[in-house]
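# I'll drop the sequence and a predicted model, then ask my questions.
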2 protein chains.
Amino acid sequence: HEDSSGPGEVHLVGTGPGDPGLLTLRAVQLMQTADVVLYDRLVSDDILRLVSPSARMVYVGKHSGFHTRTQDEIHRLLLAFAEAGACVIRLKGGDPYVFGRGGEEVQYLAAKGIQVHAVPGITAAAGICAELGIPMTHRGVATSVRFLTGHARDGGEQELVDSSVAGAADPHTTLVVYMGLQTLPSLQAQLEAHGLPPDVPAVAVERGTTRRQRVCWGSVGQLAGRAQAAGLKSPTLIIIGQPHERVGI
Amino acid sequence: HEDSSGPGEVHLVGTGPGDPGLLTLRAVQLMQTADVVLYDRLVSDDILRLVSPSARMVYVGKHSGFHTRTQDEIHRLLLAFAEAGACVIRLKGGDPYVFGRGGEEVQYLAAKGIQVHAVPGITAAAGICAELGIPMTHRGVATSVRFLTGHARDGGEQELVDSSVAGAADPHTTLVVYMGLQTLPSLQAQLEAHGLPPDVPAVAVERGTTRRQRVCWGSVGQLAGRAQAAGLKSPTLIIIGQPHERVGI
């Protein structure tokens, strides 16, 4: 399609937490018709197998502490392929608008006059809670759910901002922390300091919903130690809240 | 399949916000193989058309203020069909574990010895934010997203609990309120009382992602009045936060 007239368009496509059964119909349809596919390490091989064999595949993944492509480079690649007339999809783990930097990509491309659309995906919290039987909300137990990132703004290992943790130490809110493994000891200390009882149930899940899933249960007071002892690695999701103990599954 | 030996199993299946393109592959596969399908009014006709014509369809919807089936009746129906050996699916709008009462159904069935699985769905927040171009998180602008329900615990029109709103009045957290139309004036007043600037951008979306979608934009201070003037009805989702103004789309 790259020789047709006028610029192409870009779709930011959420692919969910890893299990291909959690792809949306729209994601699959776009994967089967795109000219160019940009993907990173959060998109599993089982999902990449569903992309049309005629699509051009471009890896733009980042490894912790070693960026193969900067965000600016990704922006310019998306723009260049779209300006060449291609139908471009940017595959993202989870949902593009939940800690996926989708907003930055949309903002950049829209300012350059490129049509850009987002396709929502099953965010890791939803995929993993369904898998483990943990309701994110539960009547009379958790009336709210909050997604927080454990990463500092620059992607490094800085401490979490204290003010954001203060609001998170609410026993009636299920707290889900993305990319929170490195800052877990600090989060745990801050939640306790803000009054969250240390016996609130918690779980850390590496590569949730994939065949390589590893799960570490424990109270919020125990979790950092147990995750370290088990040697959990990124990507790991942390879920803190009453529902799974009350539901008893 | 109802005559096979042993009890059947139950799948709580999230169907997303309404657009059939947002169904997961697993949801479609279950809809095409189930013996019995329980559904309510939050599942759109476009989605119900994908259910196998040989499945038995059971409507268990609730209308506001008029419960056609109580939650207890739904529990007993799910149990009875499963005990008869059927593969039963309970279709739910959005995600079964985000204000979907999925936890209660799992808890009840698991206690009766029935195998029960949850299939996550695109929650209304994700579907509508993708549709409107509103990132739920955005670097340096919103570092967290929170889903809250506007309904009181008994499903009535009581005031929101003040303590849950206090934590929600954080300008760096995108706030998404489910079923919040009736309590919006009260929420607005409480957010302002807890220090959220009244010019924070907000939007109310009726039947988001469907062909009958209606959208009402305004600052958080204006939204209740505008939603009332436009005559928005349930189901309406409310999104309050900085990202969509900063992204500028």
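The structure has been received and is ready for your questions.
# Could you use CA atoms for every contact and neighbour count after this?
Noted.
# what about the helices in chain A?
A:25-31, A:45-48, A:71-83, A:102-111, A:124-132, A:162-166, A:184-193, A:220-230, A:243-247 (DSSP state H).
# and those helices, which is most packed in?
By mean neighbour count, with neighbours taken as mean count of other C-alpha atoms under 10 Å in any protein chain shown, helix A:124-132 ranks first of the helices of chain A at a mean of 23.
# and it, what does it pack onto?
strand A:236-240, strand B:115-119 (3 or more C-alpha pairs under 8 Å, 6 or more residues apart in numbering or on different chains; DSSP states H and E).
# The residue nearest the centre of chain A pairs with what?
When chain A is reduced to its mean C-alpha position, the nearest residue by C-alpha atoms, centre = their mean turns out to be A:Gly94, at 4.5 Å. In this entry, A:Gly94 is beta-bridged to A:Gly16, by DSSP bridges.
# correct me, but it touches A:Ile128?
No - the pair A:Gly94 and A:Ile128 does not pass the contact test of C-alpha atoms under 8 Å, sitting 10.9 Å apart.
# List the residues that are in contact with both of the two.
Both A:Gly94 and A:Ile128 are contacted by A:Pro17, under the criterion C-alpha atoms under 8 Å, 6 or more residues apart in numbering or on different chains.
# tell me the pLDDT at A:Arg56?
On the pLDDT scale, A:Arg56 is placed at 98.
# Quick check: which ranges of chain A have low pLDDT?
A:1-4, A:62-68, A:152-164, A:243-249 (pLDDT under 70).
# domain ranges for it?
A:10-119, A:124-246 (automatic domain parsing).
# how much distance is there from the last one to the middle of the chain?
Looking back up the chat, that one is domain A:124-246. 14 Å (C-alpha atoms, centre = their mean, to the nearest Å).
# Does A:Thr183 touch A:His151 like I think?
Yes - counting by C-alpha under 8 Å, A:Thr183 touches A:His151, with 7.3 Å between them.
# hmm, back to that, between the domains of chain A, which one is nearest to B:Arg207?
Among the domains of chain A, domain A:10-119 comes nearest to B:Arg207, with 17.5 Å by C-alpha to C-alpha.
# Between the two ends of stretch A:90-100, how far is it?
11 Å (C-alpha to C-alpha, to the nearest Å).
# Distance to B:Thr236 for the domains of chain A - can I get that in TSV?
Converted to TSV, these look like this (distance: least, C-alpha to C-alpha, whole Å):
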stretch	distance to B:Thr236
domain A:10-119	20
domain A:124-246	17
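# how near is the residue nearest to the centre of chain A to A:Gly16?
A:Gly94 is 4 Å from A:Gly16, by C-alpha to C-alpha.
# what residues do those two have in common as contacts?
Common neighbours of A:Gly94 and A:Gly16 (criterion: C-alpha under 8 Å, 6+ apart): A:Gly121, A:Ile122, A:Thr123, A:Ala124.
# re the thing from before, for B:Ala111, which of the domains of chain A is the nearest?
Per C-alpha to C-alpha, nearest to B:Ala111 of these: domain A:124-246, 12.6 Å.
# ok, now which ones touch A:Leu22?
A:Thr15, A:Gly16, A:Ile122, A:Gly127, B:Thr24, B:Leu25, B:Arg26, B:Pro120.
# if you set the cut-off to 6 Å instead, what comes out?
By C-alpha atoms under 6 Å, 6 or more residues apart in numbering or on different chains, the contact set of A:Leu22 is B:Thr24.
# now the one 10 residues further on
Contacts were defined as C-alpha under 6 Å, 6+ apart; by that measure A:Gln32 touches A:Val51, A:Ser52.
# residues near the residue lying closest to A:Gly127 once chain neighbours are set aside, how many?
Leaving out its chain neighbours, the residue that sits closest to A:Gly127 by C-alpha to C-alpha, 6 or more residues apart in numbering or on different chains is B:Pro120, at 5.8 Å. Residues near B:Pro120, counting by other C-alpha atoms under 10 Å in any protein chain shown, number 31.
# B:Pro120 and B:Gly14 touch, don't they?
Yes - counting by C-alpha atoms under 6 Å, B:Pro120 does reach B:Gly14; the two are 5.2 Å apart.
# Overlap in contacts, those two.
B:Asp95.
# residue farthest from the centroid of chain A?
A:Ser5 (35.2 Å).
# Check the gap between that one and A:Thr210 for me.
41 Å.
# One more: A:Ala126?
From A:Ala126 to A:Thr210 the distance is 14 Å (C-alpha to C-alpha).
# Which residue lies closest in space to A:Gly103, excluding its sequence neighbours?
B:Pro135 (5.2 Å).
# Check the burial of the one you found by counting its neighbours.
B:Pro135 is flanked by 31 other residues according to other C-alpha under 10 Å.
# With A:Arg49 instead?
11.
# hang on, the earlier thing: quick check on the residue nearest to A:Gly127: phi, psi?
Main-chain torsions, B:Pro120, degrees, to the nearest 10: phi -70, psi 150.
# for it, what are its contacts?
Contacts of B:Pro120 (C-alpha under 6 Å, 6+ apart): A:Ala126, A:Gly127, A:Ala130, B:Gly14, B:Asp95.
# Looking at the residues you listed, which one is closest to B:Val145?
Using C-alpha to C-alpha, these come closest to B:Val145 at A:Ala126, 13.8 Å.
# Not counting sequence-adjacent ones, nearest residue to the closest one?
B:Pro120 is the one closest to A:Ala126 (C-alpha to C-alpha, 6+ apart), at 5.8 Å.
# again, but for A:Ile47
Closest to A:Ile47 by C-alpha to C-alpha, 6+ apart is A:Pro20, at 5.4 Å.
# Ok, A:Asp40 next?
A:Gly61 (3.7 Å).
# how many other residues sit next to that neighbour?
The burial count for A:Gly61: 18, using other C-alpha under 10 Å.
# Around chain B, pick out the residues from chain A.
By C-alpha under 6 Å from any C-alpha of the partner chain, the residues of chain A that approach chain B are A:21-26, A:97-99, A:103, A:107, A:118, A:120, A:122, A:126-127, A:130, A:135-137, A:144-148, A:167, A:247.
# returning to that earlier point: so which of the helices of chain A gets nearest B:Met179?
Across these, closest to B:Met179 is helix A:124-132 (C-alpha to C-alpha), at 19.3 Å.
# CA atoms of the closest one as PDB?
Provided in PDB are the C-alpha atoms of helix A:124-132 (Å, rounded to 0.1, in the frame of the first residue of the first chain):
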ATOM      1  CA  ALA A 124      -2.400  -6.100  32.700                       C
ATOM      2  CA  ALA A 125      -4.500  -5.400  35.900                       C
ATOM      3  CA  ALA A 126      -7.600  -6.800  34.200                       C
ATOM      4  CA  GLY A 127      -5.900  -9.800  32.600                       C
ATOM      5  CA  ILE A 128      -4.100 -10.800  35.800                       C
ATOM      6  CA  CYS A 129      -7.100 -10.200  38.100                       C
ATOM      7  CA  ALA A 130      -9.300 -12.400  35.900                       C
ATOM      8  CA  GLU A 131      -6.600 -15.100  35.800                       C
ATOM      9  CA  LEU A 132      -6.100 -15.200  39.600                       C
END
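# That helix versus strand B:115-119: what angle between them?
Interaxial angle of helix A:124-132 relative to strand B:115-119 (axes from the mean of the first three to the mean of the last three C-alpha atoms, to 10 degrees): 170 degrees.
# what's in contact with helix A:124-132?
Contacts of helix A:124-132 (C-alpha under 6 Å, 6+ apart): A:Pro17, A:Gly94, A:Gly208, B:Ala118, B:Pro120.
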